[in-house]
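Asker: Build the 3D model from these lines:
(one chain, ligands or ions: 1)
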Amino acid sequence: MKNKKIITIQDISCYGQCSITVALPILSAFGYETAILPSAVLSTHTAGFKNFTVHDLSNEIPKIINHWKSEGIKYDVLYSAYLGEVRHIDMVLQIKNELLNDNALFLVDPVMGDNGRLYPAFNNDYVVAMRKLIKEADIIIPNLTEACFLSDIPYQEQYNEEYILSILKKLNNMGPKTVVLTGVRYDNNSIGIAIYNKDGYKYYKHRLIPTSFHGTGDVYTSSFLGSYLTNNDLYQSAKIAADFVLKCIENTIDDPNHKYGVKFEPLLANFVEENK
Ligand code: PXL
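Answerer: Residues are numbered from 1 along each chain as shown. Here you go, the predicted structure:
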């Protein structure tokens, strides 16, 4: 499995421990060659910083894709996350259709919101375009907010398993083979991951730390992917990634100066050693 070649398309937030600055170290630590296609360059992430700068790379992406095509470069895994513009969606689909080897894995983290709301860069057109992308995916990893926007089921703070199953089934019917839904909370002191595909529903529940940090979704998806490429087990990978995010939060929570992301770096070597 180790010779799998990954292409990840998402933004570069220069500061703030999210997107490519999280995905690249984690996937590299797992031992996977990971190429990047930046969708945009931002000074920081868009949640929690004011006056961030954004430079969209839509004009550059088609040239990069064409160059790769002319060089015969192909990938085994396509991992898309925060993009930023509706027009990026077709570019990701072009990569999926033209730059992947047979039996490649297409993972979509449809990053666009949290806590029931879209991030500042996104609107309903982006949600509609994202539905086109998840249709083609093998695995999607939305949080509950993103799952609600994609499935057009109203976001609720309180819910039961029936509500979650209705979202999972609807998303699964929209095309992706497996839905890995993060941040599913059935009681006050636990939270977990719900996994749904043709084999049914599974839930991994763990302790809730009642605070949130930016970038944990990216740590989650990148750890999930590194782990899944290594063990080929959806439930195990969902669990391994969730436990790692918990450890990263524990490693950050007592530092009052560190609110923008999680301090995953000191834990990465051990994490990968235990799971490779
Ligand atoms: O962590 C997801 C993410 C990635 N990139 C940018 C973001 C966010 C979340 O807010 O703003 C630019």
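
Asker: Who are the contact partners of the most centrally placed residue in the chain?
Answerer: In the chain, the residue lying closest to the centroid (CA atoms, centre = their mean) is Asp109, at 3.4 Å. Asp109 is in contact with Tyr79, Ser80, Ala81, Tyr82, Ile140, Ile141, Pro142, Gly217, Asp218, Thr221, counting by CB atoms under 8 Å, 6 or more residues apart in numbering. C-beta: built from backbone N, CA, C; applies to glycine.

Asker: Sort out which one of those residues lies nearest the ligand for me.
Answerer: Here the nearest of the contacts of Asp109 to the ligand, counting by CB to the nearest ligand atom, is Tyr82; it sits at 3.6 Å.

Asker: Please list the members of the contacts of Asp109 that lie in strands.
Answerer: Using DSSP state E, Tyr79, Ser80, Ile140 are the members of those that sit in strands.

Asker: circling back to that earlier point, which members of the contacts of Asp109 additionally contact the ligand?
Answerer: Contacts with the ligand within these, counted by CB under 6 Å from any ligand atom: Tyr82, Gly217, Asp218.

Asker: and the closest residue to the last one other than its chain neighbours, how many neighbours?
Answerer: Nearest-residue entry for Asp218: Val22, 4.3 Å, with adjacent residues in sequence omitted and distances by CB to CB, 6 or more residues apart in numbering. Other residues within reach of Val22 by the criterion other CB atoms under 10 Å amount to 28.

Asker: Which pLDDT value belongs to Val22?
Answerer: Val22 is assigned 98 on the pLDDT scale.

Asker: any idea how far it is from Asn188?
Answerer: 29 Å (CB to CB, to the nearest Å).

Asker: before we move on, what about Leu229?
Answerer: From Leu229 to Asn188 the distance is 35 Å (CB to CB).

Asker: repeat for Arg131
Answerer: 33 Å.

Asker: and these two? which has more neighbours close in?
Answerer: Shown here are Arg131 and Asn188; by other CB under 10 Å, Arg131 has more neighbours (17 against 8).

Asker: is it true that that one touches Asp152?
Answerer: No. With contact defined as CB atoms under 8 Å, Arg131 does not reach Asp152; the gap is 9.1 Å.

Asker: so Lys202, which of the three states?
Answerer: Classification of Lys202 by DSSP: H, G, I helix; E, B strand; the rest coil places it in strand.

Asker: for Ile12, same thing?
Answerer: Classified using three-state DSSP, Ile12 is strand.

Asker: Now do the contacts for it.
Answerer: Ser19, Ile20, Thr21, Ile36, Pro38, Ala40, Val41, Leu42.
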